[in-house]
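# sequence and predicted structure are below.
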Amino acid sequence: MAYKLSSGRRYLNGELVDPPQLGAWVEDDIFPWLDLDDLVDAGLFEIAASDDEWNEIEEWLLSIEDSEVPLLFLIERCCDNGALLPDEMIETRLQDCSQDWISACLSAIQAAPQEFASELFSALSLAVRVERNGRLPRQRIEEEQRSTLTFFRPG
């Protein structure tokens, strides 16, 4: 089932990706399946928190997971390289979503344990992107393209 968010995928500045490099969001994009390994790989468990703080973090994560609204997807859309965007850019990134989804996302962001919010958003954003990348087909680099790739080699 494809979810068509009214006008397709957008760049961070709100402009449409043209031509579209990827198709419409599909259900697996909207509702990504993250397991414990994804969160470990994203560095979630490197957050230095006490047991009580971890209970608060775990409660928040469970509320996101149990939601009927795709909060993982929406939170990832509200981030750029793991950093939560300013409010006006969040508005731009979510403009194609329903008002119910936007309200639920903003509430979830505000409910995040504030002391660890930046680490939580970074880890969730990374985990969602890694999960999505694992499902997308790999592009093959043609032989002539390989010869033009430049890698940093320390002197």
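Received, thanks.
# I figured Ala111 hits Ser63, correct?
Yes. Assessed by CB atoms under 8 Å, Ala111 is found in contact with Ser63 at 7.2 Å. Bear in mind the C-beta positions are built from the backbone N, C-alpha and C, glycine included.
# which parts of the chain are strands?
Along the chain, counting by DSSP state E, strands occupy 2-3, 25-26, 79-80, 83-84.
# identify whichever of those lies nearest to Ile90.
Taking CB to CB, strand 83-84 is the member of those nearest to Ile90, at 7.8 Å.
# off-centre distance for the closest one?
Put simply, strand 83-84 sits 10 Å off its chain's centre (CA atoms, centre = their mean, to the nearest Å).
# need the strands of the chain in a markdown table with distance to Ile90, can you?
Output for the strands of the chain, formatted as a markdown table (distance: least, CB to CB, whole Å):
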| stretch | distance to Ile90 |
| --- | --- |
| strand 2-3 | 19 |
| strand 25-26 | 17 |
| strand 79-80 | 9 |
| strand 83-84 | 8 |
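# compare the mean pLDDT across the ones you listed and name the weakest.
Across the strands of the chain, strand 2-3 has the smallest mean pLDDT, namely a mean of 45.
# spatially central residue in this protein, please.
Glu76 (2.3 Å; CA atoms, centre = their mean).
# perfect, I'm done here.
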